[in-house]
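Q: the following block contains a protein sequence and its predicted model.
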Amino acid sequence: MTKPAIPRETLGLLLGLTGVIIFGGSLPFTRLAVEELDAGFISFARPLIASVVALTVLIVRRCKLPPRRDLIRLFIAAFCLTYGWPGLANLAMVTVPATHGGVVTGILPLATAVAAAIMIRDRPPLAFWALALLGAAIIVTFAIYRGAGAPLPGDTFLFIGMAICAVGYVLVGELSRRYRAWEVLFWQLVMMLPFSLVGTIWFWQPNISAIHAGPWIGFWYTVIFSQLIGLFSWNWGLALGGVARISQLQLLQTFVAIGWALLINHEPFDALAVLAAIAIVGIIIATRRVRRA
């Protein structure tokens with residue numbers, strides 16, 4: 001047998017990093033979208049469009065419905081990652097700057113690792129937990145600094161959303177080990193299609209034809225990249241590299257989001273963010289070495 005061109009762990013790392021870069025743009029582009037589009041409309045219209053794409057591909061490829069034992073897990077993961085996290089993030093972006101939101105969501109890797117330990121008994125060594133806690137502490141300290149020591153109203157939506165998102169990530173990471181990553185993603189979207197259709201009609205905006213180009217750019221980014229390409233890359237990366245390990249890449253997402261916010265929302269970017277990003281990169285490298293050992 002020939003040796004794979006790219007090792008499994010390296011490919012998982014690259015796919016996870018692609019997902020992080022795309023997800024880093026989700027909050028800034030959502031912030032751009034909610035300037036004129038209703039958060040409820042975005043929460044349902046976004047997965048509706050992606051669901052139509054997913055259904056078309058599944059029909060053309062003649063994919064079989066997964067066994068009944070996995071349908072419940074697929075449904076829970078679909079709800080978490082289609083409505084739970086994106087919907088709450090949309091609500092948060094109405095009142096919270098994209099930079100602040102990106103900082104707060106930096107603790108998502110720790111939440112994902114905890115969910116993995118509880119749900120699928122993915123139990124890394126104590127050194128891994130110590131490094132994960134250190135990374136989370138850096139993020140929280142940075143969040144306190146950027147928020148002037150006071151939490152913002154949208155933080156509640158973000159914290160609840162991250163807990164829901166962590167559960168969804170663990171489920172899709174496990175399912176993507178048995179099925180192709182794109183099938184897991186597409187079946188999730190199709191299962192939510194009826195709810196997405198009803199929700200889109202319910203939150204339809206009468207003045208939708210008057211929406212300017214900027215909010216539409218933000219909306220379509222969340223559809224094409226966040227909902228489809230990003231989730232596909234992330235699901236596959238979790239399956240190849242392991243949930244606890246690949247989830248630590250999301251420590252970088254905070255600073256990717258700040259960079260996107262600088263370009264898209266013209267929000268400030270300071271030297272402290274650069275120093276913290278360097279520290280986070282070091283922690284991610286250390287966690288990989290600990291896992292290998």
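A: Sure thing, it's come through. Only a predicted model underlies this, so the values are computations on that prediction, with no experimental measurement involved. Numbers count the residues shown, from 1 in each chain.

Q: where do the helices of the stretch 101-250 of the chain begin and end?
A: 108-119, 126-146, 155-175, 181-191, 193-202, 213-221, 231-241, 243-247 (DSSP state H, counting those that start in this stretch).

Q: now mean neighbour count too, for these, in JSON lines please.
A: To be clear about C-beta, it is placed using only N, CA and C from the backbone, and glycine gets the same treatment. Below are the helices of the stretch 101-250 of the chain laid out as JSON lines (neighbours: other Cβ atoms under 10 Å):
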{"stretch": "helix 108-119", "mean neighbour count": "22"}
{"stretch": "helix 126-146", "mean neighbour count": "18"}
{"stretch": "helix 155-175", "mean neighbour count": "23"}
{"stretch": "helix 181-191", "mean neighbour count": "24"}
{"stretch": "helix 193-202", "mean neighbour count": "16"}
{"stretch": "helix 213-221", "mean neighbour count": "17"}
{"stretch": "helix 231-241", "mean neighbour count": "26"}
{"stretch": "helix 243-247", "mean neighbour count": "27"}
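
Q: poorly predicted segments of the stretch 1-150 of the chain, please.
A: 1-5, 122, 146-150 (pLDDT under 70).

Q: for Val114, which non-adjacent residue is spatially closest?
A: Ala166 (7.1 Å; Cβ to Cβ, 6 or more residues apart in numbering).

Q: find me the pLDDT at that neighbour, would you?
A: Note on Ala166: pLDDT of 89.

Q: hmm, Met119 and it touching each other?
A: No: between Ala166 and Met119 there is no contact under Cβ atoms under 8 Å: 9.3 Å.

Q: CSV for the helices of the stretch 101-250 of the chain, including distance to Leu14?
A: Converted to CSV, the helices of the stretch 101-250 of the chain look like this (distance: least, Cβ to Cβ, whole Å):
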stretch, distance to Leu14
helix 108-119, 17
helix 126-146, 20
helix 155-175, 16
helix 181-191, 13
helix 193-202, 30
helix 213-221, 21
helix 231-241, 8
helix 243-247, 10
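
Q: of the ones you listed, which is nearest Glu35?
A: Nearest of the helices of the stretch 101-250 of the chain to Glu35, taken as Cβ to Cβ: helix 213-221 at 5.4 Å.

Q: what does that closest one rub up against?
A: With contact meaning Cβ atoms under 8 Å, 6 or more residues apart in numbering, helix 213-221 is reached by 25-26, 29-37, 42, 45-46, 264.

Q: distance between it and the chain's centre?
A: With Cα atoms, centre = their mean, to the nearest Å as the basis, helix 213-221 stands 18 Å off its chain's centre.

Q: what average pLDDT does it get?
A: Mean predicted confidence for helix 213-221 is 93.

Q: CA atoms only for that helix, dumped as CSV, please.
A: Listed next in CSV are the C-alpha coordinates belonging to helix 213-221 (Å, rounded to 0.1, in the frame of the first residue of the first chain):
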residue,chain,number,x,y,z
ALA,A,213,-25.6,45.7,-0.8
GLY,A,214,-23.4,45.6,2.4
PRO,A,215,-25.9,43.6,4.5
TRP,A,216,-26.5,41.2,1.6
ILE,A,217,-22.8,40.6,1.3
GLY,A,218,-22.7,39.7,5.0
PHE,A,219,-25.7,37.4,4.6
TRP,A,220,-24.3,35.5,1.6
TYR,A,221,-21.0,35.0,3.3
